[in-house]
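> sequence and computational prediction follow.
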Amino acid sequence: MVSLQEQLLKAGLVDQKKVKRAHQDKKQQKKVERRTGVQQVDESRQAALEAQQKQRETVRELNAQRDAEARKKAIQAQIQQMVQQSRESRGGGDIAYNFTYGTKIERIYVSAAIREQLAAGQLVIVKLGENTELVPRVVADKIAERDPAIVIRVKKVETQPDLDDPYAQYKIPDDLMW
């Protein structure tokens with residue numbers, strides 16, 4: 001193996017005087033370090049180490065982002081699979097069932113039996129992109145653990161009746177059509 005010094009000499013980039021001068025400077029620097037007890041900081045080496053550390057940090061961050069994206073895709077695939085395996089038919093009905101998704105009111109058409117199951121909480125609406133599917137509550141709970149934003153639950157509102165309300169004695173049905 002040929003040293004860098006010999007390679008530079010053969011290439012003609014340095015001459016013997018420069019090589020001797022570099023050795024003398026290095027010996028002089030070591031002598032000063034021994035005498036004073038303080039080591040000189042090699043600035044180029046320090047800069048190279050810092051650059052290497054920054055590169056490691058960047059690679060670590062990119063790997064973390066890539067892992068997060070892979071986990072997100074895996075979760076979406078699991079949700080898609082759960083919905084595909086356990087989706088329920090809407091019963092081919094013509095009864096409109098309204099629900100809120102975000103800030104919009106949306107409508108699906110279901111049969112009377114399916115509407116009763118939705119009102120009772122046995123079936124839950126899941127919104128995958130543009131598709132609206134009905135799944136059993138057990139599956140919806142598993143989906144909500146992974147991504148609660150796509151599960152639409154029908155909230156039963158239990159409020160205390162106002163004593164002055166003249167309509168307090170009339171209960172509002174859960175399956176009110178609007």
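Cool, got the structure.

> quick one, domains of this protein?
By the assignment in automatic domain parsing, the chain contains the domains 4-36, 41-156+174-178.

> which of those sits most buried?
By mean neighbour count, with neighbours taken as mean count of other CB atoms under 10 Å, domain 41-156+174-178 ranks first of those at a mean of 13. For glycine as for every other residue, the C-beta is placed from the backbone atoms N, C-alpha and C.

> distance from that domain to the middle of the chain?
Offset of domain 41-156+174-178 from its chain centre (CA atoms, centre = their mean, to the nearest Å): 12 Å.

> swap in stretch 141-157?
That offset, for stretch 141-157, works out to 19 Å (CA atoms, centre = their mean).

> tell me where the longest helix sits in this protein.
helix 43-86 (DSSP state H).

> tell me what it is packed against?
Helices and strands touching helix 43-86, by 3 or more CB pairs under 8 Å, 6 or more residues apart in numbering; DSSP states H and E, are strand 123-128, strand 131-136, helix 137-146.

> so which of the domains of the chain is nearest Asp164?
domain 41-156+174-178 (23.1 Å; CB to CB).

> now the closest one: mean pLDDT?
For domain 41-156+174-178, the mean pLDDT works out to 85.

> the residue lying closest to Leu123 once chain neighbours are set aside and Arg90, how far apart?
Of all residues not flanking Leu123 in the chain, Gln117 sits nearest, at 4.4 Å (CB to CB, 6 or more residues apart in numbering). Using CB to CB, to the nearest Å, Gln117 is found at 11 Å from Arg90.

> now swap in Ala22 and tell me
If you measure Ala22 against Arg90 using CB to CB, the figure is 84 Å.

> contacts for stretch 60-76?
Judged by CB atoms under 8 Å, 6 or more residues apart in numbering, the contacts made with stretch 60-76 from elsewhere in the structure are 146-147.

> so which residue is smack in the middle of this protein?
Ala68 (4.9 Å; CA atoms, centre = their mean).

> helix or strand for Lys17, which one?
Lys17 is part of helix 16-36 when elements are defined by DSSP states H and E.

> quick one: mean pLDDT for that helix?
Along helix 16-36, the predicted local confidence has a mean pLDDT of 85.

> so which elements touch it?
Counting by 3+ CB pairs under 8 Å, 6+ apart, the packing neighbours recorded for helix 16-36 are helix 4-11.

> could you export the domains of the chain as JSON lines, including distance to Ala168?
JSON lines is the format used below for the domains of the chain (distance: least, CB to CB, whole Å):
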{"stretch": "domain 4-36", "distance to Ala168": "91"}
{"stretch": "domain 41-156+174-178", "distance to Ala168": "17"}
